[in-house]
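Colleague: Sequence plus predicted model, see below.
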Amino acid sequence: MSQVNGIGEQPAILVEGLTKSFGEVHALRGIDLSVPRGTVLGVLGPNGAGKTTAVRILTTLLLPDGGQALVEGHDVVREAAAVRRSIGLAGQSAAIQEELTGRENLEIIGRLYHLSWPHARSRAVELLEQFGLSDAADRAAKTYSGGMQRRLDLAASLVGRPKVLFLDEPTTGLDPRSRLGMWDIIRSLVADGTTLLLTTQYLDEADELANEIVVIDHGLVIAAGTSEELKGRVGGDVVEFTVPARGRVADAAAAVAKLGESEPFADPETGMVSVRVGSRGSDALVEVVRSLDAAEVETRGLALRRPSLDDVFLALTGHAAEEEEPGGRRRGRRGARRGKDMERTAS
Amino acid sequence: MTAVAERASAPGVPAGPGLGVRFRWAVSDTLTITRRNLLVWMRVPAYLVFTVIQPVLFVLMFRYVFGGAIPVNVPGGYVNFLMPGIIAQTAAFATFGTAIALAIELKKGVIDRLRSMPMARSAVLAGRLVADTGRMTVTILIVLGVGYAVGFRFTNGFGPAVAMVLLAIVFGVAICCIAAFTGLAIGDEESVQAFGLIWLFPITFLSSAFVPISTMPGWLQAFANNQPVTYVVDTMRALALGGPVAANLWKSVAWLAGIFIVFLPLAVRAYRRAS
C-alpha cells in the first residue's frame, strides 16, 4: 500500500522490462513490477502465463534474457549471493525430505543457513510451534497430510528469517480447510513485516491476501491494481446456468441479454450461459429466472456467483483462463528443458 | 564459529563473507548434506535391504548355480574368481541410488530450495558423493562378508586386499559422477530407473567380472578386452589373488581419471542449470 512506501524508500522488489525465452517459448515478454516493503503482491494468471518463470528469476534460479530485477536493492544476476541471503522460497510442491522428521528437516535447513547447532535447534522448535506442527515434530514428514507438508515447506522457507518471501502457488492442490489455514499463516507473516510475492491461479486468494494484484497472461502484465479495481473492470457478479437442450442455448442468451451489463457469454457445446449483472445481486437472479420462465427455457444449476479468475480473464483478454496448451502446468518445465541451450543460470 | 553463526542468524544481514569463511561453510554444508543423505538411507530399511540384497543374491547365484559350469584358472576356484567381479559390479550398481535420489530431489523442488539459499554451491553434489561413497563402502564390506561365508579368501595378503577395496570404491565414485549427471540431466525418477543407467548391465557383464573373456566369441572379446570394467576387475583380481598388477592398474587409473575429468564438470553444470 502506498502509505507504507515512504517517499524515496526503495521497494523490496523492483522489476523492469524482464524477458525470458525458452527456445521458441516466450515465457516473459517484458514485465515490470514494484513491490513496496512490507506489502503483498499477488501475481495472478493461468498455467503457463509466466508466473513461475518470474519467481525463478527473482530467486536466482534462472538468468533473465533481458531487463533488470532487484530484490532488497540487490541485482538478481550480479549480486545473486546477496539476494539469496534476503529471500525465502516455497514452490508449488513441498520441497521437504519426506523420510526425515519435521524437526530434522528444519534443523538441516538451519545448519545450511550457517546457524550453530543450538541456534538451528531452537529455530526449528520455534517454527514447528508457529506452524502447529509441534505434535508431529518427530514423525517422518511422509506421514503428514498435504496441508501439513505445505506448512512444513513454508516453515523451511522462513528458517533464515527472509525479508522477502516468494510463494509460488502456495495453496494449489490443498483442500479448502488447509487452504484457509495457509491463508491465516500467510497473513500473520505479513503482519510481521515480511514482503511477500505470491503467485496464484485463484482470484479469491489474491483478493484475501494481496494489497496489489498484477494479472499476467502470455508473459505480459495485462492488468494491475487492487482487487476492487480489477473486479470493477469485470463488472460485478455473474449469473450462470446450463441449458440441457442445446438447441435452446441461443434463446436463453437472448432472454437474459436485456438484464446483463454486457452481452451474455453462451457456449452452444456445453450449454453454459453466463451474464454479468453488476451489483444487483439476488434481484438480478430473480429477474433472470422470470425471463427464462417467460421464454420457456429449461435450465439447470442456475446460480449467482462472485467474479472468478475466468471472468477477469474474459473481461481483460477475451479468452478463458483455463485455456492452456497440452501438458498444462508442466509447460514451463518442459519448455525449460527443451530450451536448455539458451539457458544460463546464475551462480 | 560463534561469531559466524551469530552474524548469519541476525535478521537478514547480507554481509559478503571472506574466502576463509566461505571455505569453512563449503565444508560444513557438505557435511550437513552428507549427514542428511545418510540419515535418509538409514531411516528407510528398504533402501538398505535393496542395496545389499541384490549383490548378495548375485554372489549366491553365481557361486552355487552358474559357478560349477564356469571353468577358471585361479587358486581357490570360481568363488575367488567371482568376488572381485561382483564387488566391482556392486560398486557400479550402488550408483543407481545416486541418480534416482538426485532426480527425485530435482522434481520435488528440493534442489530449487537449496539453490535459492545462501549455502555453498558445491555442497549438494559433494555431500551426495561423500554419502554415497559411505553407503557403497558399507555395501561392499557386507558383500565381502557374504563372500567369505561362501568360501572366498584373499590369497595375496592384507595390504593388496585393502587396495582392492579402495580401487572398487574409486571405481564406484567415478560411476557415481556419471550417475549424478544422468539423474540431474534426466530429472525424472522413472526414466532414470528404466533406462538412465541401463548400460551398466552390459558393461559389467561383458567384461571379465563373471567369466573368463576367452570363453566369449571373438567379436565380443574385442570389446570385453578393451573396456574399463575389465581393466578394473583384472586389477582387483590380481590384488586379491596375486599376479601382475601394474599394466591393468595404469589402464584403470587412466580410464577412471578420464571419467572424472569428463563427468564431474558435467554433473556440476547440470546442477547449476537444474530447473
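Modeller: Okay, I see it. Residues are numbered from 1 along each chain as shown, chains lettered A, B, ... in the order given.

Colleague: Do you have the strands of the stretch 151-300 of chain A handy? List them.
Modeller: Per DSSP state E, counting those that start in this stretch, the stretch 151-300 of chain A carries strands over the ranges A:164-168, A:195-200, A:212-217, A:220-225, A:237-242, A:265-267, A:272-278, A:300-305.

Colleague: Model confidence at residue 78, what's the number?
Modeller: Since you didn't name a chain, this refers to chain A. In this model, residue A:78 is scored at 93, pLDDT.

Colleague: Switch to chain B, please.
Modeller: For residue B:78, the pLDDT comes out at 93.

Colleague: does it really touch residue B:69, like I thought?
Modeller: No - judged on C-beta atoms under 8 Å, residue B:78 makes no contact with residue B:69 at a distance of 9.2 Å. Bear in mind the C-beta positions are built from the backbone N, C-alpha and C, glycine included.

Colleague: what comes up buried for the helix or strand residue B:168 falls within?
Modeller: Using DSSP states H and E, the element containing residue B:168 is helix B:158-186. Within helix B:158-186, the residues that count as buried by 16 or more other C-beta atoms under 10 Å in any protein chain shown are B:160-161, B:163-165, B:167-186.

Colleague: so residue B:266 makes contact with residue B:183?
Modeller: No - with contact defined as C-beta under 8 Å, residue B:266 and residue B:183 do not form a contacting pair (11.7 Å).

Colleague: Figure out which of the strands of the stretch 151-300 of chain A is closest to residue B:250.
Modeller: strand A:164-168 (51.9 Å; C-beta to C-beta).

Colleague: And for whichever helix or strand comes after the helix holding residue B:168, what's in contact with it?
Modeller: Once the chain leaves helix B:158-186, the next helix or strand it forms, by DSSP H and E, is helix B:189-191. By C-beta atoms under 8 Å, 6 or more residues apart in numbering or on different chains, the residues outside helix B:189-191 that reach it are B:100, B:103, B:104, B:107.

Colleague: Off-centre distance for helix B:189-191?
Modeller: 19 Å (C-alpha atoms, centre = their mean, to the nearest Å).

Colleague: After it, which helix or strand is next? Please name it.
Modeller: With DSSP H and E, the next secondary element past helix B:189-191 is helix B:200-205.

Colleague: May I see the buried residues of that next one?
Modeller: Buried-residue list, helix B:200-205, by 16+ other C-beta under 10 Å: B:200, B:203, B:204.

Colleague: for stretch B:231-251, same thing?
Modeller: Within stretch B:231-251, the residues scored as buried using 16+ other C-beta under 10 Å are B:231-241, B:245, B:248-249, B:251.

Colleague: What of stretch A:120-133?
Modeller: Within stretch A:120-133, the residues scored as buried using 16+ other C-beta under 10 Å are A:120, A:121, A:123, A:124, A:127, A:128, A:130, A:131, A:133.

Colleague: okay, the closest residue to the first one other than its chain neighbours: pLDDT?
Modeller: Setting aside the residues directly before and after it, residue A:120 is nearest to residue A:110 in space (C-beta to C-beta, 6 or more residues apart in numbering or on different chains), at 3.0 Å. The predicted local distance difference test score for residue A:110 is 96.

Colleague: Count the residues that sit near residue A:110.
Modeller: Residue A:110 sits with 26 neighbouring residues when counted by other C-beta atoms under 10 Å in any protein chain shown.

Colleague: Secondary structure element holding it?
Modeller: helix A:102-112.

Colleague: what's the helix holding residue B:168 packed up against?
Modeller: Counting contacts by 3 or more C-beta pairs under 8 Å, 6 or more residues apart in numbering or on different chains; DSSP states H and E, helix B:158-186 is packed against helix B:78-93, helix B:95-108, helix B:123-149, helix B:228-241, helix B:246-273.

Colleague: Of those, give the one that comes closest to residue A:166.
Modeller: Across the helices and strands packed on helix B:158-186, closest to residue A:166 is helix B:95-108 (C-beta to C-beta), at 17.2 Å.

Colleague: Could you export the closest one as CSV, CA atoms only?
Modeller: Taking Å, rounded to 0.1, in the frame of the first residue of the first chain, the C-alpha atoms of helix B:95-108 are listed here in CSV:
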residue,chain,number,x,y,z
THR,B,95,25.2,-45.5,-8.1
PHE,B,96,21.6,-46.1,-9.2
GLY,B,97,20.7,-44.7,-5.8
THR,B,98,22.7,-41.5,-6.6
ALA,B,99,20.9,-40.9,-9.9
ILE,B,100,17.4,-41.7,-8.5
ALA,B,101,17.9,-39.5,-5.4
LEU,B,102,19.0,-36.5,-7.4
ALA,B,103,16.2,-36.9,-9.9
ILE,B,104,13.6,-37.0,-7.1
GLU,B,105,15.1,-34.0,-5.4
LEU,B,106,15.1,-32.1,-8.6
LYS,B,107,11.5,-33.0,-9.4
LYS,B,108,10.3,-32.2,-5.9
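
Colleague: Please see if that helix touches chain A.
Modeller: Yes - residues of helix B:95-108 are located near chain A by C-beta under 8 Å from any C-beta of the partner chain, namely residue B:108.

Colleague: Tell me the buried residues in that helix?
Modeller: Those would be B:95-106, B:108, for helix B:95-108 by 16+ other C-beta under 10 Å.

Colleague: now the helices for chain A?
Modeller: Listed in chain order, the helices found in chain A under DSSP state H are A:51-58, A:80-86, A:102-112, A:117-130, A:146-158, A:176-191, A:203-209, A:227-234, A:249-257, A:281-294, A:309-317, A:331-338.

Colleague: that older thread, out of the buried residues of helix B:200-205, the closest to chain A would be?
Modeller: residue B:200 (24.0 Å; C-beta to the nearest C-beta).

Colleague: can you give me the mean pLDDT across stretch A:190-205?
Modeller: 89.

Colleague: First-to-last residue distance for that stretch?
Modeller: This stretch, stretch A:190-205, spans 15 Å end to end (C-alpha to C-alpha, to the nearest Å).
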